[in-house]
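>>> Only the shape, not the letters, is given here:
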């Protein structure tokens with residue numbers, strides 16, 4: 001007997017004296033599709049400056065591929081955070097600031113509070129787990145490579161497409177500390193890095209005029225002590241075109257960059273400097289903008305908020321001397337700087353403009369560094385707890401190396417000679433006046449008998465496009481004098 005074909009999974013039927021249970025094979029289920037990657041706009045840019053300062057007009061020397069670090073960042077979209085990552089990014093941070101909410105310091109973070117962090121071998125396991133094509137749980141988005149010379153920031157951005165759903169943006173900035181001068185090619189050389197994670201959200205419903213309503217930036221430090229560093233940053237994020245709920249950044253930093261990455265870096269540096277030169281560095285501050293600065297000025301009286309407030313004020317007004325000083329100063333020096341700025345800012349005769357505030361910050365920081373470096377000083381940052389007052393006053397205690405580095409970066413060769421900057425610090429009346437006086441002092445050191453002094457002064461002038469044409473600091477004396485005479489004659493004419 002031939003039974004008809006049925007679509008039931010099981011069939012029970014009866015024959016005389018026999019019960020039979022027959023089964024027919026069900027249709028196999030199709031495997032679930034891989035996770036749809038969100039449509040993200042990703043890019044990498046380079047600029048001269050720090051993550052908080054933004055692009056500066058000067059162009060850093062990109063050097064050779066072996067002189068620049070290589071930074072590779074892989075964006076991964078995932079349905080859930082990796083279970084192996086449980087450390088929060090906040091535990092690594094030394095600073096969290098709000099960019100556009102009007103409040104420079106936050107009592108508690110909002111956008112960055114649920115961001116997770118992993119490092120070392122844990123990241124290597126994640127890289128192996130997320131290697132390959134998309135699965136049901138994750139999808140690769142993009143991989144970007146950048147070069148990182150000294151004094152440069154590489155910015156990796158990922159932004160959701162514009163649409164009616166909430167828009168998000170993540171920018172991860174990796175920077176080489178300007179104080180680090182050791183060649184990365186030297187085995188075991190430690191490279192100080194600064195990393196900033198900016199998260200921005202726009203919850204507006206407009207499709208024609210998007211505006212980032214909120215942003216937070218978390219800043220932390222790393223050290224490339226063994227030639228390589230691996231970190232992972234896990235960011236909660238929703239997408240309108242994907243069920244993914246997490247964006248993961250896998251970051252690998254190694255010693256040498258490629259020639260192609262370095263060439264792109266150099267092109268970015270020139271473009272960023274050109275764009276920065278076309279923008280007004282400071283302008284008038286009105287209404288709510290100044291209220292944000294005023295909040296930060298008030299916070300200078302609070303020890304716990306002092307460093308964050310100074311960095312915020314300096315970054316917002318392009319006061320780079322003050323910014324770098326605030327980032328590396330010890331607590332006593334920081335307190336002295338904050339008190340000086342608070343007292344001067346409280347003067348009712350000071351105009352409420354970003355230009356005036358910027359000069360106030362930089363002049364206060366510069367004068368503090370110079371006076372602390374003077375012979376026989378007794379500055380808070382230079383005295384140890386074991387020194388009594390009389391001994392500290394009589395002895396000449398060197399300025400802390402990190403502060404000495406800041407002074408040297410901005411003042412050049414005169415910073416290496418005690419007393420050379422005293423008059424400049426006291427008499428400078430504006431930012432341009434300060435720059436002119438420092439330039440004149442470095443030009444004088446081009447005639448110094450010490451080849452090392454001539455080289456350092458020349459490098460400082462060259463970085464600012466002010467070095468005399470044809471001058472070789474290690475060339476014959478006659479050649480050096482002729483180059484200086486030609487430069488002087490050209491300047492006079």
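Nice, I can see it. Since we're looking at a predicted model, the values are computed, not measured.
>>> Give me the helix or strand of the protein that scores worst on average pLDDT.
Lowest on mean pLDDT, DSSP states H and E among the helices and strands of the chain sits helix 389-394, with a mean of 35.
>>> This structure: helices as residue ranges?
121-129, 259-278, 287-299, 306-317, 320-328, 331-345, 354-372, 389-394, 401-411, 422-427, 431-445, 451-463, 477-492 (DSSP state H).
>>> Show me what the longest one is packed up against.
Think helix 259-278. For helix 259-278, the packing partners by 3 or more CB pairs under 8 Å, 6 or more residues apart in numbering; DSSP states H and E come out as strand 40-48, strand 138-148, strand 152-160. C-betas here are computed from N, CA, C, even on glycine.
>>> between that helix and strand 152-160, how many degrees?
For helix 259-278 against strand 152-160, the angle by axes from the mean of the first three to the mean of the last three CA atoms, to 10 degrees is 90 degrees.
>>> Quick one: mean pLDDT for helix 259-278?
For helix 259-278, the mean per-residue pLDDT is 87.
>>> swap in the fourth one?
When pLDDT is averaged over helix 306-317, the result is 86.
>>> Check the helices of the chain for me: which has the lowest mean pLDDT.
helix 389-394 (a mean of 35).
>>> Which parts of the stretch 1-150 of the chain are strands?
In the stretch 1-150 of the chain, the strands defined using DSSP state E, counting those that start in this stretch lie at 10-15, 18-23, 40-48, 69-78, 87-88, 95-98, 116-119, 138-148.
>>> List just the one of these that sits closest to residue 236.
Residue 236 lies closest, by CB to CB, to one member of the strands of the stretch 1-150 of the chain: strand 116-119, at 8.8 Å.
>>> could the helices and strands packed on helix 259-278 go into a markdown table alongside mean neighbour count and distance to residue 469?
Formatted as a markdown table, these follow (neighbours: other CB atoms under 10 Å; distance: least, CB to CB, whole Å):
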| stretch | mean neighbour count | distance to residue 469 |
| --- | --- | --- |
| strand 40-48 | 20 | 23 |
| strand 138-148 | 20 | 29 |
| strand 152-160 | 24 | 26 |
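>>> okay if I get the ones you listed as JSON lines plus mean pLDDT and distance to residue 489?
Output for the helices and strands packed on helix 259-278, formatted as JSON lines (pLDDT from 0 to 100; distance: least, CB to CB, whole Å):
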{"stretch": "strand 40-48", "mean pLDDT": "91", "distance to residue 489": "32"}
{"stretch": "strand 138-148", "mean pLDDT": "94", "distance to residue 489": "40"}
{"stretch": "strand 152-160", "mean pLDDT": "91", "distance to residue 489": "36"}
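>>> The ones you listed into TSV, with extra columns for distance to residue 445?
Formatted as TSV, the helices and strands packed on helix 259-278 follow (distance: least, CB to CB, whole Å):
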stretch	distance to residue 445
strand 40-48	24
strand 138-148	31
strand 152-160	27
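>>> nearest to residue 171, of these?
Closest to residue 171 of these, according to CB to CB: strand 152-160, at 4.7 Å.
>>> Distance from the closest one to the middle of the chain?
The chain centroid and the centroid of strand 152-160 are separated by 10 Å under CA atoms, centre = their mean, to the nearest Å.
>>> which helices and strands sit right next to it?
Helices and strands touching strand 152-160, by 3+ CB pairs under 8 Å, 6+ apart, are strand 40-48, strand 69-78, strand 138-148, strand 167-176, helix 259-278.
>>> Can you verify my assumption that residue 303 contacts residue 309?
No: using CB atoms under 8 Å, residue 303 is not in contact with residue 309; the gap is 10.7 Å.
>>> For residue 32, give me its contacts.
For residue 32, the contacting residues are residue 136, by CB atoms under 8 Å, 6 or more residues apart in numbering.
>>> what about it, distance to residue 90?
Distance, residue 32 to residue 90, by CB to CB, to the nearest Å: 35 Å.
>>> And for residue 111?
Per CB to CB, residue 111 is found 11 Å from residue 90.
>>> So for the two, which sits in the more crowded spot?
A direct count of neighbours by other CB atoms under 10 Å for residue 111 and residue 90 places residue 111 higher, at 24 against 17.
>>> Relative to residue 215, how far out is the more buried one?
Per CB to CB, residue 111 is found 7 Å from residue 215.
>>> Identify the contacts common to those two.
Residues touching both residue 111 and residue 215 by CB under 8 Å, 6+ apart: 199, 200, 201.
>>> Flag whichever of those scores worst on pLDDT.
Here the lowest pLDDT out of the shared contacts of residue 111 and residue 215 sits on residue 201, with 79.
>>> For that one, name its beta-bridge partners.
residue 168, residue 214 (DSSP bridges).
>>> related to what we said a few turns ago, out of the helices and strands packed on strand 152-160, flag the one nearest residue 363.
helix 259-278 (21.9 Å).
>>> In that closest one, which residues are buried?
For helix 259-278, burial by neighbour count (16 or more other CB atoms under 10 Å) applies to 261, 262, 264, 265, 266, 268, 269, 272, 273, 276.
>>> Residues in contact with it: which ones?
Under CB under 8 Å, 6+ apart, the answer for helix 259-278 is 45-48, 54-60, 62-65, 68, 70, 145-149, 152, 154, 257.
>>> now the angle from that helix to strand 69-78?
In terms of direction (the same axes, to 10 degrees), helix 259-278 departs from strand 69-78 by 90 degrees.
>>> Show me how far helix 259-278 is from its chain's centre.
Per CA atoms, centre = their mean, the centroid offset for helix 259-278 relative to its chain is 16 Å.
>>> Tell me how this structure divides into domains.
Domain assignment for the chain by automatic domain parsing gives 40-278, 287-492.
>>> Contact partners for residue 153?
Under the criterion of CB under 8 Å, 6+ apart, the neighbours of residue 153 are 46, 47, 48, 49, 50, 51, 173, 174, 175.
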